[in-house]
Structure formats: C-alpha cells, structure tokens
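In: What follows is a protein structure lacking sequence information:
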C-alpha cells in the first residue's frame, strides 16, 4: 500500500457506474468546477460516499473546504463548532473531519465515544499554534481572578485551561456574560488579537489578549478594500472579524462565516466580496446564483491539505485517529458546553461603538 498521502491509485476511472452515482451531484458545483474537470473528481466522490455507507461514517465539511468536498461528500457543513454539535447528534460511528486539527479535537471532545479521523495530521492552524495550555496558565497567574474566554479556534489543552469558549458569532455576548457572572470589567480573551480588538470595540469591558492571528485574515488591509471599491463601484464588502480593525471599518458588514453567508442570502447584493478564505466565497456563491462574487481572497494552506484523495484514504485505512487525554477532554468539554448552554440573544455584528480597551500580551514565536 502506498504511503499515507500518496494517490489511492494511479488513476480512478470515470466509469459508467461512477457517472450514475455522481451525475446528480455535478449541478451543485457546475458554476465553479468546469465540466471537463468533473471526471477527475467524480471517481473519488463515488468511492467516498460508498465507504461512508459501508462504515457508518459522516464527513464534517468546514466552510473553507473546496466545493467538491463541501457540496459532494460533506454530510454536515458549517463552522467548526456547528459541525461538532451536529456530529454529536448523529448515529454515525465514524466522523471524518474535513477541516484542520483543532476542529477534529473539538469533534472528539463533544463526541468521545465516536471514532474521529483527520485525513492529514499536518492540517494545522497558525492561530491555534500561537498559544499553549502552559501559556494560558501563565496568563492566569499574571492576572489572577480574571476570567478566561477562549476562541474555539484553539487546541484542546488551551480549552481545558479556560472558563468558557466563544465563537466569532457570540463573542461579545460571551464576554459580557462572563464578566457579569464574575462581577468584573476585565477578561482574558485569547488567542486572536484582531478578534479581541473588534470585540472590545463593541463592549465596555477591558480585554487582555494574545498576539495570535489567523494568517489568512491578517493579510487583508484597508487599502485592499479601497482598491476593491475603485475596481468595482458599488460592491458590498463583507469581512470576517479575524481581520484587522481598520479592515472592518472599511467594510459594509462584518460577521462570522455564518453571518456573512446569511447576509448574502437575505440581501442578494448585485456585487459582493467576502474578505475571508477563498473557498468560502465559492461555496456561498453556489448557494446564491444570482449574486456576482468579486473574488480577491486568501487561501488557507492548512485547509487545502484536506483533499478528496486524503479523505478516501482516511476512510480506507481508518487514519488518523484523534485521541485526547480524558482529563484534558473533560475540562475542555465543560468550557465548550457552558458556551453551548448560554442562550444566544444576538449575533455579534461588529461595529465600532466604543474606544476599545485592549492589552496585547506578546505571543511565543
């Protein structure tokens, strides 16, 4: 058998059987995958979907997955926490995480009795890698009595050191809730410094954060937005809150991946640009055929390590299994569950209401 990561076979043939199994799927991606390329994807899609049924498996497809994965083999689609919550309710015995490693950890934390696979162990995350559990313990020593809010885009050992998790959708509400519970106006909010600054601009609470960042979103600049508007007058600009604050200030709307997707569905703008990862734009475009998407974007090299080939091999070999020490998983689960149990009254829509109070602690490099 070839080494992990090599092709499953030199070629998988586009046979009549494959065609019959996949013809109904091509219209989902026809807008972004040329017909001439479909026979390259279809044999893998057919084989993966056959193996899912055989092994009682589901595939969690993150918003940043390429369209052939997101639309043709994914059983659940969305952001990392939404995917894990869906998986926890399924009867499937096997979960394949089409996303990066911290997402697979979150799935395992919420689904401890299921087998969780990630097709490529090197599918990491610059943001998650910026901080460790040991770093969080030092922060808590430096700021005793200060609650810790941790973004879900972190490893299990970091979540295990936190009081409550958050997503970009509920970050403001989580910060205000935990400050009220602890009777404080200060919170440690880790690890994304840009998300922290954007959250701080919407609350009177003081945030102590970490010098972490998503390498996809931190590369966008306010000048990029101005140039987009010059090139496409009237374009609607939607930005993710992991972008720097000056980028959000130039945007028409700022919100989570689900927030951006819902904006497009509701408003159907003539021209729109999503300031986020490239495949997100492709997938939202497929759901909104009457909207023209302007395509400047940044690729996540880690997300792109997940391929149809890799997913098929993962199901064939049952590699790589994600395991988390029980004492870590139990603590991390408490922080995630506390967030899940918090009724979300509103999504965090990022507007600059206040002069933010943010202290950035220098990250390890």
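Out: Thanks, I have the structure now. Since we're looking at a predicted model, the values are computed, not measured. Numbers count the residues shown, from 1 in each chain.

In: Tell me how the chain divides into domains.
Out: The chain breaks down by automatic domain parsing into domains covering 16-124+302-317, 217-293.

In: Dump those domains into JSON lines; add distance to residue 184 and mean neighbour count as well.
Out: C-beta coordinates here come from the backbone N, C-alpha and C atoms, glycine included. Output for the domains of the chain, formatted as JSON lines (distance: least, CB to CB, whole Å; neighbours: other CB atoms under 10 Å):
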{"stretch": "domain 16-124+302-317", "distance to residue 184": "25", "mean neighbour count": "20"}
{"stretch": "domain 217-293", "distance to residue 184": "23", "mean neighbour count": "19"}
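
In: Would you reformat the ones you listed as a markdown table and include mean pLDDT and distance to residue 341?
Out: Putting the domains of the chain into a markdown table (pLDDT from 0 to 100; distance: least, CB to CB, whole Å) gives the following:
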| stretch | mean pLDDT | distance to residue 341 |
| --- | --- | --- |
| domain 16-124+302-317 | 95 | 12 |
| domain 217-293 | 94 | 19 |
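
In: nearest to residue 358, of the ones you listed?
Out: domain 217-293 (9.7 Å; CB to CB).

In: what distance separates the closest one from the centre of its chain?
Out: 16 Å (CA atoms, centre = their mean, to the nearest Å).

In: start to end distance for that domain?
Out: 18 Å (CA to CA, to the nearest Å).

In: first to last residue in stretch 157-172, what's the distance?
Out: Its first and final residues considered, stretch 157-172 spans 23 Å by CA to CA.

In: hmm, back to that, need the domains of the chain in CSV (columns: distance to residue 147).
Out: Formatted as CSV, the domains of the chain follow (distance: least, CB to CB, whole Å):
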stretch, distance to residue 147
domain 16-124+302-317, 20
domain 217-293, 20
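
In: need the strands for the stretch 251-365 of the chain, in chain order.
Out: Assigned by DSSP state E, counting those that start in this stretch, the strands in the stretch 251-365 of the chain fall at 253-254, 271-275, 292-293, 358-361.

In: which helices and strands sit right next to the last one?
Out: Taking 3 or more CB pairs under 8 Å, 6 or more residues apart in numbering; DSSP states H and E as contact, the helices and strands that strand 358-361 lies on are helix 193-200, strand 206-210.

In: in stretch 188-206, what's buried?
Out: Across stretch 188-206, burial judged by 16 or more other CB atoms under 10 Å covers 188-203, 205-206.

In: one step back: make TSV from the strands of the stretch 251-365 of the chain and add distance to residue 123 to it.
Out: Output for the strands of the stretch 251-365 of the chain, formatted as TSV (distance: least, CB to CB, whole Å):
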stretch	distance to residue 123
strand 253-254	27
strand 271-275	22
strand 292-293	25
strand 358-361	27
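
In: just so I know, which of these lies nearest residue 230?
Out: Residue 230 lies closest to strand 271-275 among these, at 12.6 Å (CB to CB).

In: ok, longest helix in the chain?
Out: Longest helix in the chain, counting residues (DSSP state H): helix 38-55.

In: Can you name the residues in contact with that helix?
Out: Helix 38-55 has contacts (CB atoms under 8 Å, 6 or more residues apart in numbering) with 8, 12-15, 17-19, 21-22, 25-26, 33, 57-59, 68, 72-73, 75, 93-94, 308-309, 311-312, 315-316.

In: now with 6 Å?
Out: 12, 14, 18, 21-22, 26, 68, 72-73, 94, 308, 311-312, 315 (CB atoms under 6 Å, 6 or more residues apart in numbering).
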